[in-house]
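Undergrad: coords please:
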Amino acid sequence: MKYKIPLFFLIIISLISFSRIYSTSMVYNFRIAQITKQFQFDQEEDKHSTIIALFFDQIRKKYDGEYQNFLGGFGSLIYNFNDYYIRMDTAFSHITDKQKDILTFSDTETDDILFSFGYNFLKREKNLMTFSGLLGVPTHEIYRLQHTDFGYGQTSLGLQLDGSHSYTENDKNIFLYGARYIGFIPRTAFDIHENRYKFTIGNMGDLFIADKHNWSNQGIEYGYTAKFRFGAKVYPKFDDIIKKTNYIRSNFYIVYKYKFYLGDTSNKLLFYFSYGFDHIPKIYGNKYILTFWASWNVSF
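TA: All right, here's what the predicted structure looks like:
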C-alpha cells in the first residue's frame, strides 16, 4: 500500500506534463510576402539596407481550455543588392501557460534564426516576383516533449515564391500573393525523464493572399494565410505528440502603415492585428489565436 500513493501521484504528474506540449515560432509564422514588398519599397526609395524592430503579444486559447501567452520582440536585417537579397530573422518571447487559471509553465526563450536568400526574377511595370531559399538554425534544444516551447529547435530547409500585381497607377492598390514550403530535419529530443526520442515536426506549408492600399504617406493592408503542418514523426512513440503537432490553420490580418523621413533615412511604423484558428486538430488545436504587434522599419 505504501507504494500505491507515490505511484498514483507520479502517474498524475506525468499526465499533466504530457498534456501540454506545444510550440510556436515567430520567425516562421511572420507573414511570408515580406521580400517582394521590400523590393518594391527599395525600388522607389533607392534604399539597400533595412532594419526591422518588432514587438508582439500573442494570445492563444485552446479547445481544451488551455491559455497561452507569448510576449516578446522580433528583429530582422535585410540587405538588397541588384536583384538579390539576404535576410536574417530572430526573436525571443516570455511564455505563460495556464490551465484553468493555474500557472503550469513560465519562462523566456529564444526563437530559431531564419536566414533567407533570394532573387527578384520577374520585374515588370505592374508585376514583381521573388524566389527565395530558406535556412532555419535552432538556438536551443527541442523542449516540446517537456513543456510549451518557443522556437522549433530543428534545422530546416525551405523554398518560397511571392509576388505582387499593381492594378492601379502609381502602385496605389496592389494584390499580394505567396507560397512557401519548409522541411524540418529530425533531431534528438528528451522528455521530463530524460528519455531519448528522434523527433521532427515534419513539413510546413503556407498560402498567402492580401490586398494593399496606399495614399500619401499612409497605407493599409489586409489578407489571409492558410497554414499546413504535416508529416510529424517521433520514435519511439510518445503520447499524442503527432496529433498535437500536425494542423491546418487559417489566419486573417490587417496592418496600418505610416511612412516618414528623418533626414535622408526612410522610416515606417506598422500596427498589426490578426485572428486565427485551427481547423484541425479539434481536441488539441487552437480555438483562437490573437496577435498584436507594432514595428519600426528603417531603410537606408
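Undergrad: switch to C-alpha atoms for all contacts and neighbour counts from now on
TA: OK.
Undergrad: neighbours of Arg60, how many?
TA: Neighbour count for Arg60, taken as other Cα atoms under 10 Å: 21.
Undergrad: mind giving me the packing neighbours of the helix or strand harbouring it?
TA: Applying DSSP states H and E as the criterion places Arg60 in strand 49-62. With contacts taken as 3 or more Cα pairs under 8 Å, 6 or more residues apart in numbering; DSSP states H and E, strand 49-62 sits against strand 67-81, strand 286-299.
Undergrad: what residues sit buried inside stretch 56-75?
TA: Neighbour-count burial for stretch 56-75 flags 56-63, 66-75 (criterion: 16 or more other Cα atoms under 10 Å).
Undergrad: span of it from start to end?
TA: 11 Å (Cα to Cα, to the nearest Å).
Undergrad: what does it contact?
TA: Identification of contacts with stretch 56-75 by Cα atoms under 8 Å, 6 or more residues apart in numbering yields 26-27, 51-55, 89-100, 282-294.
Undergrad: starting at the chain centroid, how far to it?
TA: Distance of stretch 56-75 from the chain centroid (Cα atoms, centre = their mean, to the nearest Å) equals 12 Å.
Undergrad: which parts of the stretch 201-300 of the chain are helices?
TA: 241-245 (DSSP state H, counting those that start in this stretch).
Undergrad: any weak-confidence spans in it?
TA: Counting by pLDDT under 70, the stretch 201-300 of the chain contains no low-confidence residues.
Undergrad: ok so, going back, so which of the helices and strands packed on strand 49-62 gets nearest Ile185?
TA: Minimum separation from Ile185 across those (Cα to Cα) falls at strand 67-81, 23.8 Å.
Undergrad: tell me the average confidence for that closest one?
TA: What strand 67-81 shows for mean pLDDT is 93.
Undergrad: how distant is that strand from the center of its chain?
TA: Remark: strand 67-81 is offset 9 Å from the chain centroid, using Cα atoms, centre = their mean.
Undergrad: for the stretch 101-250 of the chain, what spans make up the strands?
TA: Counting by DSSP state E, counting those that start in this stretch, the stretch 101-250 of the chain has these strands, from start to end: 102-110, 113-123, 127-137, 149-150, 156-166, 173-184, 187-190, 196-200, 203-215, 218-230, 233-235, 247-262.
Undergrad: do you know how far Ser156 is from Lys47?
TA: Taken as Cα to Cα, the span from Ser156 to Lys47 is 30 Å.
Undergrad: model confidence over the strand holding Arg60, on average?
TA: Here the average pLDDT along strand 49-62 is 94.
Undergrad: quick one: that strand to strand 286-299, angle?
TA: With axes from the mean of the first three to the mean of the last three Cα atoms, to 10 degrees defining the directions, strand 49-62 sits at 170 degrees from strand 286-299.
Undergrad: partners of strand 49-62, with directions?
TA: Within its sheet, and counting by DSSP bridges, strand 49-62 is paired with strand 67-81 (antiparallel), strand 286-299 (antiparallel).
Undergrad: need the contact partners of the shortest one.
TA: When you say that, I think you mean strand 286-299. 47-63, 265-278.
Undergrad: sorry, back to before: reformat the strands of the stretch 101-250 of the chain as TSV; add distance to Ser299 and mean neighbour count.
TA: What follows is these, written out as TSV (distance: least, Cα to Cα, whole Å; neighbours: other Cα atoms under 10 Å):
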stretch	distance to Ser299	mean neighbour count
strand 102-110	26	15
strand 113-123	18	18
strand 127-137	19	20
strand 149-150	29	26
strand 156-166	20	20
strand 173-184	21	21
strand 187-190	38	17
strand 196-200	37	19
strand 203-215	18	18
strand 218-230	16	18
strand 233-235	42	16
strand 247-262	10	16
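Undergrad: chain neighbours aside, what residue packs nearest to Lys282?
TA: In space, and not counting its chain neighbours, Lys282 is closest to Tyr63: 6.6 Å by Cα to Cα, 6 or more residues apart in numbering.
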